[in-house]
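K.L.:
The following block contains a protein sequence and its predicted model.
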Amino acid sequence: MSEAGVKDIQVPSGKTGTTKAYHDLRSFLATLEAEGQLVRVKNEVDPEEIGAAGRASANLKNGPAVFFEKVKGYKNPVVTNVHGSWANHALMMGMDKDTPVKEQFLELSRRWDLYPVAPKRVPTAPVNENTVTENINIFDIISLYRINTYDSGCFLSKACIVSADPEDPTSYGKTNLGTYRMQVKGKDKLGIQALPFHDIGLQLSKAEALNQPVPIAICLGCDPITTFMASTPIRYDQSEYDYVGALNNGVPMEITKSATLGLEIPAGCEICIEGYIEPRLRECEGPFGEFPGSYSGARLQAVVRITAISHRNNPVFENLYLGIPWSEIDYLMALNTSVPLYKMLKDTFPEVQAVNAMYTHGIGVIVSTKVRFGGFGKAVAMRLLTTPHGMAYNKIIIVVDEFVDPFNLEQVMWAMTTRVDPDKDVSVIKNCPGMPLDPSSNPPGMHNKLIIDATTPKAPEIVSRETELLTPPAGTEKWEEIISQLVKAARK
Amino acid sequence: MICPRCDTDKVEVMATSPVGHVWELYLCKTCTYSWRSTETPNKTDPKLYNHKFKIKPETIPSMLVIPPVPPLKA
Ligand SMILES: [Zn+2]
């Protein structure tokens, strides 16, 4: 489907082009439950069972969020797998839960262009109902647990972390919202992974050059689009909050000041941990079962000192399971990685039709593009390797023709098997930046890259044989619609 | 008490369960590994901890530093 073919999406409210925007996690969980996409575990569970439940739910087709009402020894509930299926992902966007992935991609891409939608600042928020500043004990409030067997401890795997630019602390645009893994190392102490190419790595580096701490607010249990946006790669000077409003189809998000440091945080969050990244300090952190499906190894990483914890009454701890794909993190980082890469490519190559960067956070990418002349597919791939996200993450790039749906792996395999001459269409680009968590990067953070041009040859490339593509018989589209409606009716 | 991962004895109680006294969480001050008293022996017992994940305390200072610490600006 061409971009001009983007349809307005019919949403549950019955209006076209509007959507249901969630201002907090609780209202989204209520929708998931009403749609059969959340299950409740009422019996008491051991904390370490929650990781297994996250894995289990991700293994199911359209697996639900799993809500644990009672965790042994703890006060508060836990929810996992909130973003962990295409059904939940569609519901997050206010779309029908059966919406196909490519349609979700195109709708997300349409909303992307509504940026910026400024947030609404609210003076009070439920997260500030309770604030602890003395005798801080994170375990009193958050039901923490080990996710994978050889993780070095309990981790926050789904926090939205707000941090300011140390050289420009009042800059709204440079304030960053990101998701970085955090290891719990004490009642008031955390470890944080701040990779150099992430925004928080840049802020930390600036602060450490001046021997200054970095103030941060770690927000847990945010509304689903805010969490989604916190894991989306955008430019350093762009505002995640302005994007949340865009992705909510123009509905501004609500932000408020954190209780003690005054950082602007998502007003709907369940818990806000405030504190500082200590300058010039590194301490043993990890391993952690990471998104490439392997453990990361132990490294010397940065340390956070907690100075306050604010929370709603009976706060829900939202955390995610990650392991061998696919798990919740793969749904969370699928389309929000695909769309920005698509936008960056489309800027210079309007011929590009869609980008599927959902394999291991973009380590594998499939681009569909029109081809103007010989070598065009390879040039598109090279451009991808020079984008800010693609530079570090993208390792294996497959380029297919415009009529191939990059989200349909059967079609992609067809292109690979019928369009690739290994001798001329496969290229290795040596010694590029790489993703250190990818166990094949060597040394960690350096990589060779693979480009497979699976597009149909065009002149002046020598076209050895003309091919004639099959087209679907008349009435095919109509029958697809009829059959899918029949399936829906049968499920009700 | 001995840390299951690095076999040193600088271990402290990081937390006790906020409800009842049903578990304790321990923290190793040397390698920052932590474990809950109710976890399975492959996470709590130094002899049964997977040898691939063991850490020798003397190797900690030479681990990869992420991100690197920049030089101080004058
Ligand atoms: Zn240890």
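P.N.:
On my side now, so go ahead.

K.L.:
where along the stretch 1-150 of chain A do the helices fall?
P.N.:
With DSSP state H, counting those that start in this stretch as the criterion, the stretch 1-150 of chain A has helices at A:25-34, A:49-59, A:86-92, A:101-112, A:138-141.

K.L.:
quick one: which of these is nearest chain B?
P.N.:
Closest to chain B of the helices of the stretch 1-150 of chain A is helix A:138-141 (C-beta to the nearest C-beta; 4.0 Å). Quick note: C-beta positions are derived from backbone N, CA and C, even for glycine.

K.L.:
near chain B at all, the closest one?
P.N.:
Yes - Helix A:138-141 is in contact with chain B by C-beta under 8 Å from any C-beta of the partner chain, via A:139-140.

K.L.:
what's the neighbour count on the residue of the stretch 251-400 of chain A found nearest the ion?
P.N.:
Per C-beta to the ion, A:C284 is where the stretch 251-400 of chain A lies closest to the ion, at 8.4 Å. Using other C-beta atoms under 10 Å in any protein chain shown, the number of residues around A:C284 comes to 25.

K.L.:
so which strand or helix has it?
P.N.:
Taking DSSP states H and E as the criterion, A:C284 maps to strand A:283-285.

K.L.:
Ranking the helices of the stretch 1-150 of chain A by mean neighbour count, which comes first?
P.N.:
Most buried of the helices of the stretch 1-150 of chain A, by mean neighbour count (mean count of other C-beta atoms under 10 Å in any protein chain shown): helix A:86-92, with a mean of 24.

K.L.:
which other helices and strands contact that helix?
P.N.:
The contact analysis (3 or more C-beta pairs under 8 Å, 6 or more residues apart in numbering or on different chains; DSSP states H and E) places helix A:86-92 against helix A:25-34, helix A:101-112, helix A:224-230, helix A:328-332.

K.L.:
Need the residue closest to the centroid of chain B.
P.N.:
B:Y33 (1.4 Å; C-alpha atoms, centre = their mean).

K.L.:
Next up, the contacts around that residue.
P.N.:
Taking C-beta atoms under 8 Å, 6 or more residues apart in numbering or on different chains as the contact definition, B:Y33 lies against A:152-153, B:3-6, B:27, B:55.

K.L.:
if we go to 7 Å?
P.N.:
With contact set as C-beta atoms under 7 Å, 6 or more residues apart in numbering or on different chains, B:Y33 has these partners: A:152-153, B:3-6.

K.L.:
Ok, A:H311 next?
P.N.:
Listed by C-beta under 7 Å, 6+ apart, the contact set of A:H311 reads A:127, A:130, A:141, A:270-271.

K.L.:
again with A:Y393
P.N.:
Contacts of A:Y393 by C-beta under 7 Å, 6+ apart are A:361-363, A:435.

K.L.:
If we use 10 Å, what do you get?
P.N.:
A:197, A:233, A:333, A:337, A:341, A:357, A:360-365, A:387, A:433-435, A:437-438, A:447 (C-beta atoms under 10 Å, 6 or more residues apart in numbering or on different chains).

K.L.:
and if you look at A:D425?
P.N.:
A:377-378, A:399, A:416, A:419, A:451-455, A:457, A:461.

K.L.:
Return only those of these found close to the ion.
P.N.:
When C-beta under 5 Å from the ion is applied, no member of these is adjacent to the ion.

K.L.:
Out of the helices of the stretch 1-150 of chain A, flag the one nearest the ion.
P.N.:
The nearest among the helices of the stretch 1-150 of chain A, by C-beta to the ion, is helix A:138-141 at 19.6 Å.

K.L.:
so what does that closest one touch, helix or strand wise?
P.N.:
strand A:130-132, strand A:182-186, strand A:271-277, strand A:299-311, strand B:11-16 (3 or more C-beta pairs under 10 Å, 6 or more residues apart in numbering or on different chains; DSSP states H and E).

K.L.:
Out of those strands, which gets nearest to A:T226?
P.N.:
strand A:271-277 (12.6 Å; C-beta to C-beta).

K.L.:
Tabulate the helices and strands packed on helix A:86-92 in TSV, adding columns for distance to the ion.
P.N.:
Putting the helices and strands packed on helix A:86-92 into TSV (distance: least, C-beta to the ion, whole Å) gives the following:
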stretch	distance to the ion
helix A:25-34	35
helix A:101-112	44
helix A:224-230	32
helix A:328-332	27
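
K.L.:
Please determine how far A:A415 is located from A:C160.
P.N.:
Separation of A:A415 from A:C160 (C-beta to C-beta, to the nearest Å) stands at 38 Å.

K.L.:
How about B:M14?
P.N.:
25 Å.

K.L.:
just B:T16 next, same as before
P.N.:
Distance from B:T16 to A:C160, by C-beta to C-beta: 29 Å.

K.L.:
And these two? Which one has more around it.
P.N.:
A:C160 (27 against 15).

K.L.:
where's the more buried one relative to the ion, distance?
P.N.:
30 Å (C-beta to the ion, to the nearest Å).

K.L.:
Let me see the contact set for the closest residue to A:A459 other than its chain neighbours.
P.N.:
Take A:A459 and drop its neighbours on the chain: the residue closest to it by C-beta to C-beta, 6 or more residues apart in numbering or on different chains is A:G374, 6.1 Å away. Residues near A:G374 by C-beta under 10 Å, 6+ apart: A:455, A:457-463.
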